[in-house]
Every structure is written in structure tokens, then in C-alpha cells.
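Engineer: Sequence first, predicted coordinates after that:
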Amino acid sequence: MPSPSARNDDATLDGRLIASGRRVIEIEARALLDEAAQVDGAFAQACRHMLRTRGRVVTTGMGKSGHIARKIAATLASTGTPAFYVHPGEAGHGDLGMITDADVVLALSYSGESDEIITLLPVLKRQGNVLIAMTGRADSTLARAADVHLDVKVSTEACPLHLAPTSSTTVSLALGDALAVALLEARGFTADDFARSHPAGSLGRRLLLHISDVMHTGDEIPAVPAHATVAEALVEMTRKRLGLTAVVDDRRRLLGIFTDGDLRRALDATTLDVRSTPIDALMTRDPVTIGPQQLAAEGARLLEERKIGSGLIVVDDERRVVGALNIHDLLRARVV
């Protein structure tokens, strides 16, 4: 068991750590507010260049700026602005061929003097690329060479040694997000557009997967006519294993639904003769349904909001039964 002095030492250390963490966040928050006040016509000009380019946005940067440049490229690409990252060191040894004359180059260097980027400037200028610089020094070589300069100067780094890029990288990252979102809004980029570039993710599944993609169709749909007995309905439910059956007319239009829950309630309330009782005497009329072109996520939400434990019958515009599904189908599709 730790001694009282050890516990006091731990408490003192914890206090210092918490204070340090809060100080860093407060310094970086102030830096972000200062940057917001600096967003001006240069920001709009940078956005216009990116919107009008016939090519892509190519980001580049060394060290920590390179990590931020990679993230900005990824965010741009996933929000409707084709973009990729090129390492400036590799660009000087052949990867510059990845940049065409139609591309806009977004170069990050807080000092504005990174040798690897400065080396590329004559080639980019000769090729005719629009150059947008994100630096902390408006009088730097990179800023002066740029068509547009975005100032990310901070009054202080959160690092107490004023050495590790902290506030400056946070501001650069936020400005990159600001560019991406401004372009997203200008393009009218939608949630469906976002999903198309994220088909493997949970968001993509929620936005792209439709009821028609997960429902049971054809012979897999549990359905009985209105004159069927409860026993016949139970046989159909057992065969199709969805915990429900649709009750349909001779044109397969939906009349009602009968579920495991309906059976339990009927058995509790009455002496039920399953062989003689017609299913239309026990079915739920006008049940909640869903259309095949609705999103699977809407089906999951409907089940939750209406507290439906069995499943849903899928109908077309004329109330004809075209499918059926239950919560397990949605779970397998990973939309819930």
C-alpha cells in the first residue's frame, strides 16, 4: 500500500498534469479564435482557385506540416474536392511527375523556408500551377512566391519550450478543414455524395443501403390469404422463419400482418382453436410498412420508434407485398 507521502506526491503530480493539459487546450483555443478573425479575401481566393481547377488539389509539406497536409488532402477528397498528398522530398526525385499543370498546389510550411518545398518552386512556376501557401511568415520565400498566402501565424506555441509545433499545427489543420467545408458547401455536396466515397464504412452503409438490398423476396416472403386458418399461418411463419406473415388478397395486396406477438396475445386472451380460427380474425390491420426504395437505416429507425419487435412488410405504391424483413436482416447488413 502506498505511503501517505507517496499518495501526496501522486496527487501533486496529477494536479500539475491536469493544469498542463488545460493550459495547452486554452492556448490552442485562443490561437483558433485569432485565426478565425484572419479569414478574409485570401481565403475566398484560395477556395475559388480550388473550385475552378480542371485538375486536383495537391498538398505538400515536410515534418509535422506534412502530416497536416496529408490530413487536409484526405478531408478534401472525402468531401468532394479531388486531392492527394505528395511528399516534397520524393517530389524532387521523380514524384513531381504526379502533378499536372492543371493542378492547384497547397504547400504547408510554418517557416515558409522548408528547403524541400523551396526547391520545387521554380518547376511549379514554370509549369503554371496555382500555388497556395499556408505559412506563419508573410515575408517568407514560400509566401512571397505564392499566388495566395494563407496566414497561420500564432502568438505562441503550446509547447513551453516553444519548439514543438502545437498551436501552429492545430491552426493549420483547422484552416484546412475550413477550406474543405467551404468547398463542400459551394459545390452543394450532399450526404449521399459523402456516402459514395465511403462505401465500406458504417456511414456509407447507412446512406447507401436500401430496403430492397436487405429484404426477403419471392418465395422467401411469408404470406397467406385472408381465409387461411391460424394453423396455416403458423406453418408459413415456421417455414419462412421471420416471426411474421403477411395476410394478402388475391392480388397480393396487403390486408394485415400476423406475428409471434399476436399469437401469444391471442393465446393469453382466449381459448384458441388454431385449426378453425381464420387468420383475418386475429391479424393486425393496416400495419406499419415500408417501401423498397427507402433506406435500410429508415427501416431500423421505424422499428425502434414504433417499438416493433417482429419486422416489416415491404409494399409497393399499390400496397402489393414485395418483400419482408426483420431486425436480424438489418443487423446482418450492419445498419444498426
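Structural biologist: Thanks, I have it.
Engineer: where does residue 60 sit relative to residue 77, distance-wise?
Structural biologist: Distance, residue 60 to residue 77, using CB to CB, to the nearest Å: 15 Å. Glycine gets a C-beta too; all of them are placed from N, C-alpha and C.
Engineer: between those two, who's got more neighbours?
Structural biologist: Neighbour totals were compared for residue 60 and residue 77, and residue 60 leads with 28 against 17 (other CB atoms under 10 Å).
Engineer: what are the bridge partners for the more buried one, then?
Structural biologist: residue 107 (DSSP bridges).
Engineer: check contacts around it.
Structural biologist: 66, 69, 85-88, 91, 105-108, 117, 120 (CB atoms under 8 Å, 6 or more residues apart in numbering).
Engineer: how close does it sit to residue 73?
Structural biologist: 9 Å.
Engineer: Please identify every residue contacting each of these two.
Structural biologist: By CB under 8 Å, 6+ apart, residue 60 and residue 73 have these common neighbours: residue 85.
Engineer: who's in contact with the closest residue in space to residue 193 that isn't next to it in sequence?
Structural biologist: Nearest residue to residue 193, sequence neighbours excluded (CB to CB, 6 or more residues apart in numbering): residue 80, at 6.1 Å. Each residue near residue 80 by CB under 8 Å, 6+ apart is listed here: 183, 184, 187, 189, 193.
Engineer: For residue 80, what is the enclosing helix or strand?
Structural biologist: Under DSSP states H and E, no helix or strand contains residue 80.
Engineer: Settle this for me: residue 210 is touching residue 293, isn't it.
Structural biologist: Yes: counting by CB atoms under 8 Å, residue 293 is a contact partner of residue 210 at 5.8 Å.
Engineer: Between those two, which is the more surrounded one?
Structural biologist: Neighbour totals were compared for residue 210 and residue 293, and residue 210 leads with 16 against 10 (other CB under 10 Å).
Engineer: May I have the beta-bridge partners of the more buried one?
Structural biologist: Residue 210 has these beta-bridge partners by DSSP bridges: residue 295.
Engineer: give me the low-pLDDT residue ranges for this structure?
Structural biologist: 1-8, 195-206, 269-270, 336 (pLDDT under 70).
Engineer: what's the single longest helix in it?
Structural biologist: Assignment by DSSP state H gives helix 4-38 as the longest helix of the chain.
Engineer: Now do the buried residues in that helix.
Structural biologist: Neighbour-count burial for helix 4-38, counted by 16 or more other CB atoms under 10 Å, picks out 24, 27, 28, 31, 35.
Engineer: And the contacts of whatever helix or strand comes next after it?
Structural biologist: Helices and strands here follow DSSP H and E; after helix 4-38, the next one along the chain is helix 41-52. With CB under 8 Å, 6+ apart as the test, helix 41-52 has contacts from 57, 76, 81, 104, 106, 130, 132, 147-151, 175, 178-179, 182-183, 186-187.
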